[in-house]
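A.B. asks: fold the following for me, if possible:
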Amino acid sequence: VLASGVLGFLFLVAVTLAAGDPVALAESGTPIADVIRDTLGSVVSTFLLVLVVIAIFACGLVIMMTGSRLIWAMSRDERFPGWRQWKQVSPRFGTPLKATVFYVALAQIILGVLSAFSDDALFTLFSAASLLPAVIYAATVALYLAKRGSLPAGDRFDLGKWEIPVLVVSVVWLVFELALFRDASFREAWLYVLVLLVAGACYLAFLLGTRGRRALDMP
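C.D. replies: Below is the predicted model:
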């Protein structure tokens, strides 16, 4: 994590120093690629862009794996619609194959529907995908701050004296991160996130209504 942060910061500094005219660069659809090409040449630029494509593909695989595992885990705990199908593990591959196929198909359907009704669907999805984790982390930190005094003590991971500094830095960073999305261009991204949060709240209400408080407890 430290190496990624340091190298990422140095990369941003280098690109900023080599950017040249920021007004002209802002009119480009691929500003980073233009800076790299003008500074290092087309061969190096193409090579770096290939690495970027591979990195994006790897991130997509991680997202797909995370989503399919969440579906499987919720189905294992009987918390996901159609859980009897999605909790199954393939005897051949030893993986939740049905949950993975379901996740990929659902993602393609959502992407296809959004692309059909919006020319900026990819920008909105990327923005929402960046915004939603920040909202989730902010909610997690807020809930921890509200309940930290009543949480049971345990012998597991403990920040000790670093707890307060880490919380302060987390709050400052989350406020800064969420402030980046106050621009009007992120209006649709906020709408997508709100729709997802409302859908999650409705499903939680459904679980509470059908199972009572045990819906929140692990089996």
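
A.B. asks: nearest spatial neighbour of Leu122, skipping sequence neighbours?
C.D. replies: Excluding its sequence neighbours, the residue lying closest to Leu122 (CB to CB, 6 or more residues apart in numbering) is Ser115, at 7.7 Å. Quick note: C-beta positions are derived from backbone N, CA and C, even for glycine.

A.B. asks: now the worst-scoring helix or strand of the chain on mean pLDDT, how far from the centre of its chain.
C.D. replies: Taking mean pLDDT, DSSP states H and E as the measure, the chain has helix 22-26 as its least confident helix or strand, at a mean of 78. The gap between the average C-alpha position of helix 22-26 and the chain average comes to 29 Å, counting by CA atoms, centre = their mean, to the nearest Å.

A.B. asks: who touches it?
C.D. replies: Outside helix 22-26, the residues within contact range by CB atoms under 8 Å, 6 or more residues apart in numbering are 19, 31, 34-35.

A.B. asks: can you give me the helices in this structure?
C.D. replies: Using DSSP state H, the helices found in the chain span residues 2-17, 22-26, 31-40, 42-76, 83-86, 97-117, 121-147, 163-179, 187-211.

A.B. asks: looking at those helices, which has the lowest confidence?
C.D. replies: Ranked by mean pLDDT, those bottom out at helix 22-26, which scores a mean of 78.

A.B. asks: got the CA coordinates for that helix in CSV?
C.D. replies: Listed next in CSV are the C-alpha coordinates belonging to helix 22-26 (Å, rounded to 0.1, in the frame of the first residue of the first chain):
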residue,chain,number,x,y,z
PRO,A,22,-3.5,23.1,-18.9
VAL,A,23,-6.3,24.8,-21.0
ALA,A,24,-5.3,22.9,-24.1
LEU,A,25,-4.9,19.7,-22.2
ALA,A,26,-8.3,20.0,-20.7
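
A.B. asks: just to revisit the earlier point, for Ala99, state which of the contacts of helix 22-26 is nearest.
C.D. replies: Pro31 (38.6 Å; CB to CB).

A.B. asks: burial measure for the closest one, as a count.
C.D. replies: Neighbours of Pro31 under the rule other CB atoms under 10 Å: 15.

A.B. asks: wait, what's in contact with it?
C.D. replies: The neighbours of Pro31, taking CB under 8 Å, 6+ apart as the test, are 19, 25.
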